[in-house]
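Asks: Got a sequence here, can you model it:
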Amino acid sequence: MDVITEGKKIQNELVELRRYFHEHPELSWEEFNTQKKIMEYLDELGIPYQESSKTGVIATIKGPHSSDKILGIRADIDALPITEQAACEWKSQNEGKMHACGHDTHITMLLGAAKLLKQMEDELTITVRLLFQPAEECIENSGAALMKDDPALLECDRLIAMHIWSKIPAGYASLRYGPVMSAADTFDIYVKGKGGHGALPHQTVDPVVAASEFVLSMQRVVARELNPLEASVISITAFNSGTTSNVIPAEAHLMGTARTFTPATRDQYPEIIKRVAAGVGEATRTEIEVDYHFGPPPMINDDACVDTGRRAAETVFGKDHLTDWELQMGGEDFAKYPQEKCLLLLGGGWPEEERQFPQHSPFFDIDESALSLGVEYFVEYVQEYQKELS
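Replies: Presented below is the predicted three-dimensional model:
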């Protein structure tokens, strides 16, 4: 199959699909209409599938000459709790929900790949499994944490995925060796003191002062305890305490996130945070409890997967349009799958920089010319992988 030619033929259909999903976003674990639409499209193509992980779908394309070697291609399908502010005609119709991370495009491109792979079913020498995964945006209990144990997923020998990226111009792509995106853990800090009158602080144990000291101490950890050559971020993102101006509260609640590309550093985070909390608690006479939540580990591309992917990407994008985009501190739960795998960043950015709104922005949008390129990459990867195995 001439993948490039066939991909361009379905561009208009891809745009229509993407706009449908963009207009009908659903939050994590609520993707019931999205699941239904995916299954209806697969039914039209005659591709067998099964429901998986509550609101997900796993489909299989196996031709008469396909071996039991299975390549899994994954797309995440959930949206975010964001009110869209972009002025496009296909704006979200579900108030307070928006595909602000491009998962609408991921669904679309995997369905487009399904269509082309079905057309070349007789040419397939491997089995291809299409993984429509829910709830990527849930940091701890995300869709991959559940889908990775599905028997159909466990049979996969290798996995690939892509993420559209609004800061990379459409027509370009990035497929790096090694780390691509960071671990994305979160934590809650509960500070317990003794409340009282704001004019009589000596009769209280002030959790606000203790929590403030904890925040400053965590910044010193990053600056003075962790290797400056290894990117590390510990951010306190919420500080909640008190209700009025003349009362010292009894408790404070902090929330935050910890990020790194280095598994060994990530393993240190819980103990570091608990040690600092214990020290601050001792110094301030408060009780400080740490509740650490492991999210996705660092997304680290496997070399063999990238080797295959770069050959496919060079065919689709051209060598001069294949880049090594900078490492991203955002997390990606594709990292939770145990198989060898790789994640490509697909350029979806507009030529005008002022239109390149970042992921999770209420103005987020992509250049839809990237859609057929994503389809072509998936299908070309299948062909390159078959060549390797033969």
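Asks: hey, let's count contacts and neighbours off CA atoms from now on
Replies: Noted.
Asks: for A59, phi and psi?
Replies: With angles defined as degrees, to the nearest 10, A59 sits at phi -110, psi 160.
Asks: average pLDDT for the longest helix along the chain?
Replies: Taking DSSP state H as the assignment, the helix of the chain that covers the most residues is helix 263-284. Helix 263-284 comes out with an average pLDDT of 97.
Asks: Now it - C-alpha only, PDB.
Replies: The C-alpha trace of helix 263-284 is given here as PDB (Å, rounded to 0.1, in the frame of the first residue of the first chain):
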ATOM      1  CA  PRO A 263      13.600   6.700  38.100                       C
ATOM      2  CA  ALA A 264      16.200   6.700  40.900                       C
ATOM      3  CA  THR A 265      15.300  10.300  41.800                       C
ATOM      4  CA  ARG A 266      11.700   9.500  41.700                       C
ATOM      5  CA  ASP A 267      12.200   6.700  44.200                       C
ATOM      6  CA  GLN A 268      13.700   9.200  46.600                       C
ATOM      7  CA  TYR A 269      10.900  11.700  46.500                       C
ATOM      8  CA  PRO A 270       8.500  10.100  49.100                       C
ATOM      9  CA  GLU A 271      11.200   9.700  51.700                       C
ATOM     10  CA  ILE A 272      12.600  13.200  51.100                       C
ATOM     11  CA  ILE A 273       9.200  14.800  51.500                       C
ATOM     12  CA  LYS A 274       8.400  12.700  54.700                       C
ATOM     13  CA  ARG A 275      11.800  13.600  56.200                       C
ATOM     14  CA  VAL A 276      11.400  17.300  55.600                       C
ATOM     15  CA  ALA A 277       7.800  17.100  57.000                       C
ATOM     16  CA  ALA A 278       9.100  15.400  60.100                       C
ATOM     17  CA  GLY A 279      11.800  18.000  60.700                       C
ATOM     18  CA  VAL A 280       9.400  21.000  60.100                       C
ATOM     19  CA  GLY A 281       6.800  19.300  62.400                       C
ATOM     20  CA  GLU A 282       9.400  18.900  65.200                       C
ATOM     21  CA  ALA A 283      10.500  22.500  64.800                       C
ATOM     22  CA  THR A 284       7.000  24.000  64.800                       C
END
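Asks: so what secondary structure elements neighbour it?
Replies: Packing contacts for helix 263-284, counted by 3 or more Cα pairs under 8 Å, 6 or more residues apart in numbering; DSSP states H and E, involve helix 207-224, strand 251-260, strand 287-293.
Asks: one more time with 10 Å, if that's ok
Replies: Where contact means 3 or more Cα pairs under 10 Å, 6 or more residues apart in numbering; DSSP states H and E, helix 263-284 is packed against strand 183-192, helix 207-224, strand 232-240, strand 251-260, strand 287-293.
Asks: May I see the buried residues of it?
Replies: Within helix 263-284, the residues that count as buried by 16 or more other Cα atoms under 10 Å are 266, 269-270, 273-274, 276-278, 280-281, 284.
Asks: relative to strand 287-293, how tilted is that helix?
Replies: 160 degrees (axes from the mean of the first three to the mean of the last three Cα atoms, to 10 degrees).
Asks: can you give me the offset of the longest strand along the chain from its chain's centre?
Replies: Ordering each strand of the chain by length in residues (DSSP state E) puts strand 158-169 first. Computed by Cα atoms, centre = their mean, to the nearest Å, the chain-centroid distance of strand 158-169 equals 10 Å.
Asks: For S52, list the residues it contacts.
Replies: 35, 58-59, 131-134, 143, 146-147, 150-153 (Cα atoms under 10 Å, 6 or more residues apart in numbering).
Asks: picking that back up, can you name every helix or strand that the longest strand of the chain contacts?
Replies: Counting contacts by 3+ Cα pairs under 10 Å, 6+ apart, strand 158-169 packs against strand 70-76, helix 103-119, strand 127-133, strand 173-174, helix 303-317, strand 340-349, helix 370-389.
Asks: Single out the most deeply packed of these.
Replies: When these are scored by mean count of other Cα atoms under 10 Å, the highest mean neighbour count falls to strand 173-174 (a mean of 28).
Asks: Can you tell me which residue is spatially central in the chain?
Replies: Nearest to the mean C-alpha position of the chain, by Cα atoms, centre = their mean, lies E332 at 3.2 Å.
Asks: Isn't it up against M299?
Replies: Yes. With contact defined as Cα atoms under 10 Å, E332 reaches M299; the gap is 6.6 Å.
Asks: and for these two, which residues touch both?
Replies: Here E332 and M299 have 180-184, 343 as joint contacts, going by Cα under 10 Å, 6+ apart.
Asks: what stretches of the stretch 251-390 of the chain score poorly on pLDDT?
Replies: Scanning the stretch 251-390 of the chain for pLDDT under 70 picks out no residues.
Asks: does the nearest residue to I236 once chain neighbours are set aside have beta-bridge partners, and which?
Replies: Counting by Cα to Cα, 6 or more residues apart in numbering, I236 lies nearest to G256, which is 4.2 Å off, once chain neighbours are set aside. Beta-bridge partners for G256, by DSSP bridges, are F187, I236.
Asks: sorry, back to before: please identify which of the shared contacts of E332 and M299 is nearest to P228.
Replies: S182 (15.9 Å; Cα to Cα).
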